[in-house]
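Novice: below is the structure, and that's it, no one-letter string:
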């Protein structure tokens, strides 16, 4: 195609000038929360492997065992021949952990939200246009799922349940089922939804409650299975690619809804089932997570120490209340400069810029892991204070 590279080049130049051009960097994961990038060993504060389970011997061994027993792949969609009996048992284990009737595994968190929401919000299912009330800062995968659906959408101010209720009230004369869509731990801000208040509000307005627990799974709630168990959410999704250490996603819901999604969710119908090694890692993580209360407690203490240190220095870490602690700097170029200065000090903290976050809120998103040492945390805080000062 003539002119293709020129057009793309102009577009990429524009991103570069705005400080928003991204690229892929080869990485070599290492033990103890380290990573090698650009030939240097860095302390990795940008991974979502919050509990260090990606290298846990039990997880690795079960992945290896399932690989040996079932092979490298399942060879087809789950609706054809790709639904292993072992996966059926794994889904029952997820349902018990989430205190729901059933669970359904999907390939990834993005694919889950982008395919489950359009199926759920099909006007033909409800006989009327669904109304969705979504938090302003939900993940891109949730936005994509909503955009692909038949629903009319309303966005409430971030984590503002009073605003959410005022919108429900303002549109109470409209027909159609109500849906509330949000996250329990927000991926870019690290703040935490008041799940009890949200569930009560959803019940009061007879609204379907859809919660994304991707960053809560493994870290928050009873036995580490998130904030939704026992709270009355109609559907809770989560992933195995963050606190659980491997890959894949799930929804926890009623048996009837699981059956509906098997018939309607494109991400399940048209995708090959997950490889057995991945399923084995998921199975092992489900067994391990309840026993990791000490790791979770330590993780939250480290996060509090970091927030206290940043705030004492007059730095903005938002409303973080989890293992995700942002350093909000605002300007894209300055954020990139701080990330570069951190790397020069042996710290990996990736700059997060628009469109991932709203314009003017660029940040370094620090994701802590239970495998980080106290010395790592002290080095991180000292490096941040130094990097921020030298880039003013």
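Specialist: Cool, got the structure. Note that the structure is predicted; figures quoted are calculated from it, not measured.
Novice: please tell me how far the residue most central in space within the chain sits from residue 237.
Specialist: Computing the C-alpha centroid of the chain and ranking residues by C-alpha atoms, centre = their mean puts residue 214 first, at 3.7 Å. In this view, residue 214 and residue 237 are 7 Å apart by C-beta to C-beta, to the nearest Å. All C-beta atoms are positioned from the backbone trio N, CA, C, and that covers glycine.
Novice: how about residue 281?
Specialist: Applying C-beta to C-beta, the value for residue 281 to residue 237 is 19 Å.
Novice: list residues touching both of residue 214 and residue 237?
Specialist: In terms of C-beta atoms under 8 Å, 6 or more residues apart in numbering, residue 214 and residue 237 are both contacted by the residues 109, 249.
Novice: look at residue 149 and tell me its secondary structure.
Specialist: Classification of residue 149 by DSSP: H, G, I helix; E, B strand; the rest coil places it in coil.
Novice: got the phi and psi for it?
Specialist: Backbone geometry at residue 149, expressed as degrees, to the nearest 10, gives phi -100, psi 180.
Novice: that one and residue 205, how far apart?
Specialist: From residue 149 over to residue 205 (counting by C-beta to C-beta), the distance is 19 Å.
Novice: which one of these two is surrounded by more residues?
Specialist: Neighbours were counted for residue 149 and for residue 205 using other C-beta atoms under 10 Å; residue 149 has more, 19 against 16.
Novice: wait, what's in contact with the more buried one?
Specialist: Under the criterion of C-beta under 8 Å, 6+ apart, the contact list for residue 149 reads 117, 118, 120, 121, 122, 130, 132.
Novice: one more: residue 240?
Specialist: Contacts here follow C-beta under 8 Å, 6+ apart; on that basis residue 240 touches 217, 246, 247, 248, 249, 250, 278, 281, 282, 285.
Novice: go again using 6 Å as the cut-off
Specialist: Residues counted as contacts of residue 240 (C-beta atoms under 6 Å, 6 or more residues apart in numbering) are 246, 247, 248, 282.
Novice: same question, residue 303
Specialist: Residues near residue 303 by C-beta under 6 Å, 6+ apart: 323, 325, 368.
Novice: ranges for the helices of this structure?
Specialist: Secondary structure of the chain (DSSP state H): helices at 4-17, 57-70, 85-98, 109-120, 123-126, 140-147, 161-170, 195-204, 255-264, 266-269, 276-288, 293-312, 332-344, 374-390.
Novice: mean neighbour count, those helices: which tops it?
Specialist: Between those, the one whose residues have the most neighbours on average, counting mean count of other C-beta atoms under 10 Å, is helix 109-120 (a mean of 25).
Novice: next one: that helix to chain centre, how far?
Specialist: On the basis of C-alpha atoms, centre = their mean, to the nearest Å, helix 109-120 sits 14 Å off its chain's mean C-alpha point.
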